[in-house]
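J.: I would like the atomic coordinates for the input below:
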Amino acid sequence: MSATTGGAGGPRLLAISDLHLGHDANRTLLTGVSDHGDDWLIVAGDVGETFAHMEFAWRMLRPRFAKIFWTPGNHELWTTGPDEPRGGARYDALVDLCRSHGIITPEDPFETWPGDGRTIIAPLFTFYDYSFRPAEVAEEDAVAWARESGVLCSDERLLPPDPYESRTAWCHERVRVTRDKLDALPDDRPTVLVSHFPLRYDLARPPRIPRFSIWCGTTMTEDWGTRYRASVLVSGHLHLRSTLMRNGIRCEEVSLGYPREWSRTRSFDSFLREILPNAHPDPDYLANLWRGDPFIR
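T.: Alright, predicted model coming up:
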């Protein structure tokens, strides 16, 4: 199967996340992307921190794939300047930018995978509510609990929840809206659920910094894989490239990550994970585990 075609069996659905295009090395890597013909691509969040990073990504990727799906990570939602849109307004502006390039967002109708004519590709934005924590830790103590281990996510100063009163309130609204959309699907159709943030707590425990989990998702989505007939869950955020099985569902973490986390001897195409039609777990994912200092930036 060629890296630039869908192969004899038709198009592939490929995935990557955490491009982090604020880094020169990541932008250079992306410029080497091949023409993938009829293949579809999932970009599961953390493209970068600015609208310019997003523009660069879509200029590189859109002409090389038949269809692209995006869901936001926390980095896209950061506000770093006084005149930038904040919170929900920033998300809306990102959706508009994506649509101007023909990118499918969580606000658009779901698409059906042409390989089988049945599987629904569903990009989701559900965010997090600090509930990925032990039962004995109260929500109001969650950030302090994480800081005890030397972990503090930059979202606490860079990701305002406006117009919601908190990130938890924003998360709960996103879960409600997204659940309504998923509930409307035919109950005999399989899905691929795509989220930057892992949909299960047991997928969101990075071994070196396990208390980072509070910024990784919500227990409100724990059963969504089975509830919505998922064949694959696709996520990023952890910079822990892996293929895991949970309740018979393949769970793909597809991060690229920061320059220190990927090999400069590999091409951009080599980091693309095949989601459909076949599973091709990355044999090098253990070599790409997160190995930085105790802080996620």
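J.: what stretches of the stretch 151-297 of the chain score poorly on pLDDT?
T.: The model of the stretch 151-297 of the chain has pLDDT under 70 over residues 278-297.
J.: all strands for it, in order.
T.: Assigned by DSSP state E, counting those that start in this stretch, the strands in the stretch 151-297 of the chain fall at 191-194, 230-235, 242-246, 249-253, 273-276.
J.: of those, which approaches residue 135 most closely?
T.: Taking C-beta to C-beta, strand 242-246 is the member of the strands of the stretch 151-297 of the chain nearest to residue 135, at 20.0 Å. Any C-beta I mention is one placed from the backbone N, CA and C, and that applies to glycine too.
J.: mind listing the helices for the stretch 51-200 of the chain?
T.: For the stretch 51-200 of the chain, helices defined by DSSP state H, counting those that start in this stretch occupy the ranges 51-61, 87-100, 142-147, 155-158, 167-183.
J.: closest to residue 247 out of those helices?
T.: The nearest among the helices of the stretch 51-200 of the chain, by C-beta to C-beta, is helix 167-183 at 17.2 Å.
J.: in the closest one, what counts as buried?
T.: Buried residues in helix 167-183, counted by 16 or more other C-beta atoms under 10 Å: 167, 168, 170, 171, 172, 174, 175, 178, 179, 182.
J.: excluding sequence neighbours, find me the nearest residue to the residue most central in space within the chain.
T.: Closest to where the C-alpha atoms of the chain average out (C-alpha atoms, centre = their mean) is residue 196, at 2.3 Å. Among residues not flanking residue 196 along the chain, residue 45 sits closest, at 2.9 Å (C-beta to C-beta, 6 or more residues apart in numbering).
J.: what about the closest residue to residue 168 other than its chain neighbours, how many residues nearby?
T.: Here the nearest residue to residue 168 in space, its sequence neighbours aside, is residue 129; by C-beta to C-beta, 6+ apart that works out to 4.2 Å. Residues contacting residue 129 under the criterion other C-beta atoms under 10 Å number 23.
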